[in-house]
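Visitor: Sequence below, structure please.
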Amino acid sequence: MKFAAAIILFFFSMYAHSECVVLLHGLARTDSSMKKLERALVEQNFTTVNRKYPSREYPIEVLVDKAIVPALAQCPPESKINFVTHSLGGILVRQYLSNHTIERLNHVVMLGPPNQGSEVVDKLRDFPGFHFINGDAGMQLGTGKLSVPNALGKANFDVGIIAGDRSLNWILSLLIPESDDGKVSVARTRLEGMHDHIEMPVTHPFMMKNDRVIGQVVYYLQHGRFRREESRDN
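Guide: Numbers count the residues shown, from 1 in each chain. Sure, this is the predicted structure:
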């Protein structure tokens, strides 16, 4: 009886003080793209929810309900809530937090977020096939009047941002002024009110699998800041 009570107390204590990390992949990706990052977080004793959502099938305001709402329901009761996002995933978090409050919200880490939109969308949105490949959400990620990211305002939460400055797609990079990761310029990853921001030599499609990026994500979740000696400060 005493042993059973001790076991119950142990698990209750573990969940009562746990931290849950919700992982949100980017546009036209799946939860598998965040698996390596998820494994690293589990090794650091974080509870993880790696949420798959149909990024190409709905606009951003609908994707929020399909991604974030059910993900939060999977976090242990009373746990601190963290988010780690790639690209579009960061915009979903901003959209959600613009209308909702998470009482136990702790840290948010965004990888390559188009926080001020992307010129790639501006230049290619009218090309045949763009909407088919990127869906309604992709059409909302430009820099102009229809830009959802630019309509969401500054961050009122703790967020650290990692921007890449290497590209595998020189054609898309030609559409983007200054340093970029092949999809988003370093400058447009920035967000008013952000807590920290670093630039790293990684590309947009693969930054979430990079060991140094993963190390920085874990460090931010543990310390609320990036480890500057392993990054180039902006």
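Visitor: Just the buried residues of stretch 175-186, please?
Guide: Neighbour counts using 16 or more other C-beta atoms under 10 Å place 175, 176, 179, 180, 181, 182, 183, 184, 185, 186 of stretch 175-186 among the buried residues. Glycine gets a C-beta too; all of them are placed from N, C-alpha and C.
Visitor: what's the average pLDDT for the helix or strand that contains residue 199?
Guide: With the criterion set as DSSP states H and E, the secondary-structure element containing residue 199 is strand 196-200. Confidence over strand 196-200 (mean pLDDT, whole number) is 98.
Visitor: Can you tell me the strand partners of it and which way each runs?
Guide: Strand 196-200 pairs in its sheet with strand 159-164 (parallel), strand 232-233 (antiparallel), by DSSP bridges.
Visitor: Tell me where this structure has helices.
Guide: Counting by DSSP state H, one finds helices in the chain at the ranges 2-16, 35-43, 60-74, 88-97, 119-124, 130-139, 170-173, 186-189, 211-223.
Visitor: Pick the most deeply packed of the ones you listed.
Guide: Across the helices of the chain, the average number of neighbours (mean count of other C-beta atoms under 10 Å) peaks for helix 88-97, which reaches a mean of 25.
Visitor: could you dump the helices of the chain to CSV with distance to residue 52?
Guide: Rendered in CSV, the data for the helices of the chain read as follows (distance: least, C-beta to C-beta, whole Å):
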stretch, distance to residue 52
helix 2-16, 24
helix 35-43, 11
helix 60-74, 8
helix 88-97, 11
helix 119-124, 23
helix 130-139, 15
helix 170-173, 25
helix 186-189, 24
helix 211-223, 19
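Visitor: closest one to residue 111 among those?
Guide: Of all those, helix 211-223 sits nearest to residue 111, with 6.7 Å by C-beta to C-beta.
Visitor: what's the spacing between that closest one and its chain's center?
Guide: Using C-alpha atoms, centre = their mean, to the nearest Å, the mean C-alpha position of helix 211-223 is found 13 Å from that of the whole chain.
Visitor: And for stretch 63-73?
Guide: Stretch 63-73 has its C-alpha centroid displaced from the chain centroid by 14 Å (C-alpha atoms, centre = their mean).
Visitor: Equivalent analysis for stretch 88-98, please.
Guide: The offset between the C-alpha centroid of stretch 88-98 and the centroid of the whole chain comes to 8 Å, using C-alpha atoms, centre = their mean.
Visitor: ok, residue 202 - contacts?
Guide: Residue 202 makes contact with 162, 164, 165, 166, 181, 210, 212, 213 under the criterion C-beta atoms under 8 Å, 6 or more residues apart in numbering.
Visitor: got the contact list for the most centrally placed residue in the chain?
Guide: The structure's the chain has its C-alpha centroid closest to residue 85; by C-alpha atoms, centre = their mean the separation is 1.4 Å. Residue 85 sits next to 23, 24, 26, 92, 93, 108, 109, 110, 111, 113 when contact means C-beta under 8 Å, 6+ apart.
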